[in-house]
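Chemist: compute the structure for the input listed below.
(chains A, B, C and D)
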There are 2 protein chains.
Amino acid sequence: MNIENDTPRFRRYTARQRREMLIEAGLTCLARGGITAFTVDKICAEASASRGLITHHFKSKEGLLRAVYAAAYDRMLGAAAPGRVVDADIVEMIEALLSDELTGPDTLRAWLALWGEVANNTALRNEHRRYYDYYHDRVIIGIRRAAAGRKLAIAEGALAIMFITLIDGLWLQRCIDPERLSSQDVRDACYNLLEPYLGPIRPQKG
Amino acid sequence: MNIENDTPRFRRYTARQRREMLIEAGLTCLARGGITAFTVDKICAEASASRGLITHHFKSKEGLLRAVYAAAYDRMLGAAAPGRVVDADIVEMIEALLSDELTGPDTLRAWLALWGEVANNTALRNEHRRYYDYYHDRVIIGIRRAAAGRKLAIAEGALAIMFITLIDGLWLQRCIDPERLSSQDVRDACYNLLEPYLGPIRPQKG
DNA sequence: CTCCTTGTTGAATAACCGTATTATAAGTGC
DNA sequence: GCACTTATAATACGGTTATTCAACAAGGAG
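Modeler: Numbering: from 1, shown residues only, chains lettered A, B, ... in the order given. Model prediction:
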């Protein structure tokens, strides 16, 4: 039939490209309406793809969700841990974890939806633990360096737990009600937590 | 017809009783499977009620969700703020906020699901703000009392934000992965946060 | 130009969703 | 014991869900 139509009916991407498109669309849907909006129809519409593709590339919707979770964590760790914070400076780590890139409302809403799934999905929780361990280790390294040559009045591990927990809480609050905490409040909280134990680390203004 | 059957076909509760049964069932479903499991069918099955009752008593499923959120917050504040902590002792407040009653896995999973909805539902967010303001005020009172007669090196409001945020983060982490943080880790984090600013407040063992 | 792999489409399906509606009966006031 | 209110049950309905599957076509290999 449509021999005369010279525009192809669809674009054929590589498997890798299409997977990334679907993951990105999944994150967008999570940010837009939580796990309720993480729907085959909505995701495929967002990605301009047909319904069958999620099954084809990820075996199931659940498979896509796992890939989305891994991608979200990779972005967070990519911004906060390796590369640009390769020498694990705790101040750089704080600034990275509080950067607009990681704390935009859409990103945080997606995280909140994913956390909810981790709490209810054993397979996802195992994935979570691997990533969390890596994150935790990076923070400890940063704290250890910042405290170099000084005697800490607290175990590094305990301080790392407090720091990570505070970051999580800050993200959660900014997610639930973005207008509540200013970005200055958020930074102050981080430094106020660490400085009693690490001494002054707050970067000078200007 | 069934005149001979002397056991009534159903029990007729007061509106107040039935509402509480449905709210309780709603919380159970949220804890069991997140917002995805907050379903008319599942809730009514859990409450041993028929499907029409949610509409009848709450006008809509959304109405029940609002009631569930209010009930969850009332329980939290009831345990942590008034009555038993009427004189706003910060240590009692910490112990109440970390009590098994408030930090059981089911309770926390329900909270996580509710937070996800608050982030996506404007009507719920307004409700949230009212409760949160009250909670925040109680914490500030507790901090002010603990610091009585001493000069704080930090604003009460800033410390209250840090404290509330840390509690939120602790709940979140225990919710995502309950085996991660021991209850001792959780208590230590709270006291480690406050003591640099308030001085020793940790209760002695035994 | 032809074959073949595989990314893609979209209809079909069965299960489930929330709500509206109707009939019923339990409890209350009289 | 009668009438009335309303909590309850049960069904029906339109919409949405995830998944399956057969047909299709894009693009590379030869």
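
Chemist: Provide the secondary structure category for A:I201.
Modeler: coil (DSSP: H, G, I helix; E, B strand; the rest coil).

Chemist: right, and it touches A:L194 too?
Modeler: Yes. Counting by Cβ atoms under 8 Å, A:L194 is a contact partner of A:I201 at 6.3 Å. The C-beta positions use only the backbone N, C-alpha and C, and glycine is treated the same way.

Chemist: ok, these two, which is more surrounded?
Modeler: Each of A:I201 and A:L194 has its neighbours counted (other Cβ atoms under 10 Å in any protein chain shown); A:L194 has more, 24 against 15.

Chemist: residues in contact with A:T39?
Modeler: A:C29 (Cβ atoms under 8 Å, 6 or more residues apart in numbering or on different chains).

Chemist: find residues that contact each of A:I201 and A:L194.
Modeler: A:I90, A:A146.

Chemist: neighbours of A:S183, how many?
Modeler: 13.

Chemist: residue contacts, it?
Modeler: Taking Cβ under 8 Å, 6+ apart as the test, what A:S183 contacts is A:L98, A:T103.

Chemist: do you know the pLDDT at it?
Modeler: pLDDT recorded at A:S183 is 93.

Chemist: do A:V186 as well
Modeler: pLDDT, read off for A:V186, is 96.

Chemist: just checking, it touches A:L170?
Modeler: Yes. Applying Cβ under 8 Å, one finds A:V186 in contact with A:L170, separated by 5.1 Å.

Chemist: what is the neighbour count of A:T36?
Modeler: A:T36, neighbours per other Cβ under 10 Å, totals 18.

Chemist: which residues touch it?
Modeler: Taking Cβ under 8 Å, 6+ apart as the test, what A:T36 contacts is B:I35, B:T36, B:N120.

Chemist: what about chain A, any weak spots by pLDDT?
Modeler: For chain A, the stretches with pLDDT under 70 are A:1-8, A:81-88, A:205-206.

Chemist: DNA strand D contacts on that one?
Modeler: Within chain A, the residues that sit near DNA strand D (Cβ under 7 Å from any atom of the strand) are A:1-2, A:8-12, A:38-42, A:51-52, A:54-55, A:60-62.

Chemist: list only those of those flagged as buried.
Modeler: A:F38, A:K42, A:I54 (16 or more other Cβ atoms under 10 Å in any protein chain shown).

Chemist: between those residues, which is closest to B:A148?
Modeler: A:F38 (49.9 Å; Cβ to Cβ).

Chemist: from A:H136, how far off is that closest one?
Modeler: A:F38 sits 28 Å away from A:H136 when distances are taken as Cβ to Cβ, to the nearest Å.
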